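[1] sequence? don't have it. structure:
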Ligand SMILES: [Zn+2]
Ligand SMILES: [Zn+2]
Ligand SMILES: [Zn+2]
Ligand SMILES: [Zn+2]
């Protein structure tokens with residue numbers, strides 16, 4: 001509970017923090033302390049209270065933007081982002097402190113001809129030592145197994161890194177809090193809350209796959225929606241009633257739950273309107289909602305999840321998403337929602 005609360009506080013109010021680091025001022029005058037650790041296009045990474053956040057550079061004061069410009073000019077280590085001195089190693093386009101350019105398992109420096117794997121968080125490991133590491137199912141962070149705690153290895157075979165575990169949602173009441181937070185964003189673009197009852201359930205992978213098989217869904221699923229409806233014709237209360245069940249894998253970090261719940265709630269929206277289309281259109285559309293809510297999140301993880309959707313090789317979730325994203329850019333939300341409503345075919 002405490003973890004989630006602190007998250008909320010930050011997102012809602014951008015309060016001032018008292019940790020070491022530079023003070024950053026937004027264009028609206030909010031101040032916070034954090035350490036700059038990366039610049040990715042128009043986004044900057046700030047470490048605040050040990051957490052990595054991503055912000056759009058536009059939201060900061062001209063002085064801060066100038067600071068970022070100067071910061072980027074200095075050659076930096078691709079692992080720790082510290083300024084490079086004399087003892088450096090070049091590997092491809094990146095340069096490292098020689099001391100930083102090493103394997104997280106054997107702790108030896110990479111030598112000429114060594115093959116290594118690198119994650120998006122500065123972690124590196126010899127290819128031959130990769131089996132001694134875990135790979136986070138959410139953020140793809142590589143971590144040495146010897147440093148991990150047993151809670152990072154879930155009973156259903158999934159594994160997670162320390163920071164994702166720290167934000168993991170294991171209790172239904174927390175998942176419900178997350179669900180409340182996605183609605184203002186979804187409603188802003190024209191979605192409305194469901195008529196029918198929605199039951200949320202945290203489940204393990206086997207349960208999710210078993211439920212998914214009922215609707216012939218498969219793959220690397222994180223969530224699932226099952227809808228039952230009843231049509232009453234004639235009598236006192238004619239009409240259609242709905243009952244929805246949304247399953248979410250337990251232990252996903254808060255930010256990923258935001259993404260999964262937005263996606264599944266769009267399935268609910270589609271189901272209540274009996275909108276049917278091809279899998280790339282349906283899943284791509286649901287992923288648009290994920291993308292929408294993720295853009296409101298400030299953690300670096302949100303950027304990584306967005307990037308994963310942009311790069312996904314899945315013809316349904318990846319290509320479908322990119323196709324729908326293009327469509328959205330052309331026509332906007334109201335027209336896109338109307339277009340889908342036209343595909344409605346009630347029983
Ligand atoms: Zn370094
Ligand atoms: Zn090694
Ligand atoms: Zn992770
Ligand atoms: Zn889906």
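    Perfect, I can see it now. Please read these numbers as outputs of a predicted model, since none were measured by experiment. Ligands and ions are numbered 1, 2, ... in the order given.

[2] nearest residue to residue 331 in space, please, no chain neighbours.
    Leaving out its chain neighbours, the residue that sits closest to residue 331 by CB to CB, 6 or more residues apart in numbering is residue 339, at 7.3 Å. To be clear about C-beta, it is placed using only N, CA and C from the backbone, and glycine gets the same treatment.

[3] and for residue 155?
    Excluding the flanking residues, the one nearest residue 155 by CB to CB, 6+ apart is residue 204, at 6.9 Å.

[4] could you do residue 129 as well?
    Setting aside the residues directly before and after it, residue 129 is nearest to residue 105 in space (CB to CB, 6+ apart), at 3.9 Å.

[5] do the same with residue 317
    Excluding its sequence neighbours, the residue lying closest to residue 317 (CB to CB, 6+ apart) is residue 283, at 5.3 Å.

[6] residue 327 now?
    Leaving aside its sequence neighbours, residue 327 sits nearest to residue 336 (CB to CB, 6+ apart; 6.3 Å).

[7] my read: the one you found touches residue 328, true?
    Yes - assessed by CB atoms under 8 Å, residue 336 is found in contact with residue 328 at 5.5 Å.

[8] ligand 4 contacts on the protein?
    For the chain, the residues in contact with ligand 4 (CB under 5 Å from the ion) are 283, 286.

[9] now the residue in the stretch 101-250 of the chain that ligand 1 sits nearest to: phi and psi?
    Relative to ligand 1, the nearest point of the stretch 101-250 of the chain is residue 101 (7.9 Å; CB to the ion). Main-chain dihedrals, residue 101, degrees, to the nearest 10: phi -80, psi 70.

[10] the closest residue to it other than its chain neighbours in helix, strand or coil?
    Nearest non-adjacent residue to residue 101, counting by CB to CB, 6+ apart: residue 89, 4.5 Å away. Using DSSP: H, G, I helix; E, B strand; the rest coil, the structure places residue 89 in strand.

[11] surely the residue nearest to residue 155 meets residue 210?
    No - between residue 204 and residue 210 there is no contact under CB under 8 Å: 9.9 Å.

[12] what about the two, which has more around it?
    Using other CB atoms under 10 Å as the criterion, residue 204 and residue 210 rank with residue 204 on top: 17 against 12.

[13] for the more buried one, give me its contacts.
    Contacts here follow CB atoms under 8 Å, 6 or more residues apart in numbering; on that basis residue 204 touches 154, 155, 156, 249, 250.

[14] could you rerun that using 7 Å?
    For residue 204, the contact set (CB atoms under 7 Å, 6 or more residues apart in numbering) comprises 155, 156, 250.

[15] if any of those residues are buried, give me the ChimeraX selection for them.
    Those of the contacts of residue 204 that count as buried under 16 or more other CB atoms under 10 Å are selected in ChimeraX with:
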select :250
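
[16] quick one: the contacts of residue 204 as TSV, columns for pLDDT too.
    Formatted as TSV, these follow (pLDDT from 0 to 100):
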residue	pLDDT
155	96
156	95
250	98
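
[17] so which of the contacts of residue 204 reach ligand 3?
    Okay, of those, nothing touches ligand 3 (CB under 5 Å from the ion).

[18] nearest to residue 110, of the contacts of residue 204?
    Taking CB to CB as the measure, residue 110 sits nearest to residue 156 out of the contacts of residue 204, at 34.4 Å.

[19] from ligand 3, how far off is the closest one?
    For residue 156, the distance to ligand 3 equals 17 Å [CB to the ion, to the nearest Å].

[20] doesn't that residue belong to a strand?
    No - Residue 156 is assigned coil when assessed by three-state DSSP, not a strand.
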